[in-house]
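J.: generate coordinates for the sequence data below:
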Amino acid sequence: MSTTRDVAVLVGSLRKESLTRKVAHALMTLAPLDLKLEIVEIGNLPLYNPDLDTEEAPAAWLSFRDRMRTAQAVLFTTPEYNRSVPGALKNAIDVGSRPYGKSVFDRKPAAIVSVSPGALSAFGANHHLRQSLVFLNMPTLQQPEAYLGGAAKLFDEKGTLTNPSTRDFLSKYMQAFAAWIERTAAQ
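T.: Below is the predicted model:
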């Protein structure tokens, strides 16, 4: 990879000390140096309402859309709520994909890491999110897949990833994502 790529990280959990946010921070430290990752906060976005999507749309929507337009790729980290993605993440997708025909996500390479303290590893959320990304026309990394179960046991009390095999897997995952960004950027 010859160019530094700007990657927006969307964290599906709004909780400050969430396992999903800890995983996002771990991914940021494990990413190749030519990826510049930044968490783009989604908790302040008003619920999407087409009636508000005018020239005077909420400032938070406009700011989010502007930031996402500059991103060259998107890394989604998500927990699972009721076998799907959290409402805040779905709302961010709705805000960024509207108005129709002006999606800030169009053709941006994407990757998904789902996180759960349980054994199912947020499988449902991962695959529901993939469905939305198909419609958004986001080429999404297919392999390797990243489902992190038992996530509460992966971090120490300071939030540092301590599991060596998980660290190795996530490092390889980020290398694969960097290669994916390069391949899709060339198309």
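J.: pLDDT weak spots in the chain?
T.: 1-2, 186-187 (pLDDT under 70).
J.: residues contacting the residue most central in space within it?
T.: Centre of the chain computed as the mean C-alpha position; nearest residue by C-alpha atoms, centre = their mean is F76, 1.3 Å away. Contact partners of F76, counting by C-beta atoms under 8 Å, 6 or more residues apart in numbering, are 9-10, 12, 89, 110-113, 129. C-beta: built from backbone N, CA, C; applies to glycine.
J.: in its sheet, what does the helix or strand hosting it sit against?
T.: Assessed by DSSP states H and E, F76 sits inside strand 73-78. Strand 73-78 pairs in its sheet with strand 5-11 (parallel), strand 110-115 (parallel), by DSSP bridges.
J.: on that earlier part again, what pairs with the residue nearest to the centre of the chain across the strands?
T.: Where F76 sits in a bridge, its partners, by DSSP bridges, are L10, I112.
J.: quickly note the distance from it to V134.
T.: Distance, F76 to V134, using C-beta to C-beta, to the nearest Å: 14 Å.
J.: and the longest helix for this protein?
T.: helix 164-185 (DSSP state H).
J.: now do the buried residues in that helix.
T.: Neighbour-count burial for helix 164-185, counted by 16 or more other C-beta atoms under 10 Å, picks out 166-167, 170-171, 173-174, 176-178, 180-182, 184-185.
J.: tell me where this structure has helices.
T.: Counting by DSSP H, the chain has helices at residues 19-30, 59-70, 87-97, 123-135, 164-185.
J.: quick one: which of these is nearest P117?
T.: helix 19-30 (6.3 Å; C-beta to C-beta).
J.: gap between the closest one and the chain center?
T.: How far helix 19-30 lies from its chain's middle: 11 Å, per C-alpha atoms, centre = their mean, to the nearest Å.
J.: what is it packed up against?
T.: Applying 3 or more C-beta pairs under 8 Å, 6 or more residues apart in numbering; DSSP states H and E, we find helix 19-30 packed against strand 5-11, strand 35-39, strand 73-78, strand 110-115, helix 164-185.
J.: tell me the one of the contacts of F76 nearest T20?
T.: G12 (5.9 Å).
J.: can I get the helices of the chain in a markdown table with distance to Y147?
T.: Below are the helices of the chain laid out as a markdown table (distance: least, C-beta to C-beta, whole Å):
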| stretch | distance to Y147 |
| --- | --- |
| helix 19-30 | 11 |
| helix 59-70 | 25 |
| helix 87-97 | 16 |
| helix 123-135 | 6 |
| helix 164-185 | 11 |
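J.: for those helices, which one sits closest to T3?
T.: helix 164-185 (8.4 Å).
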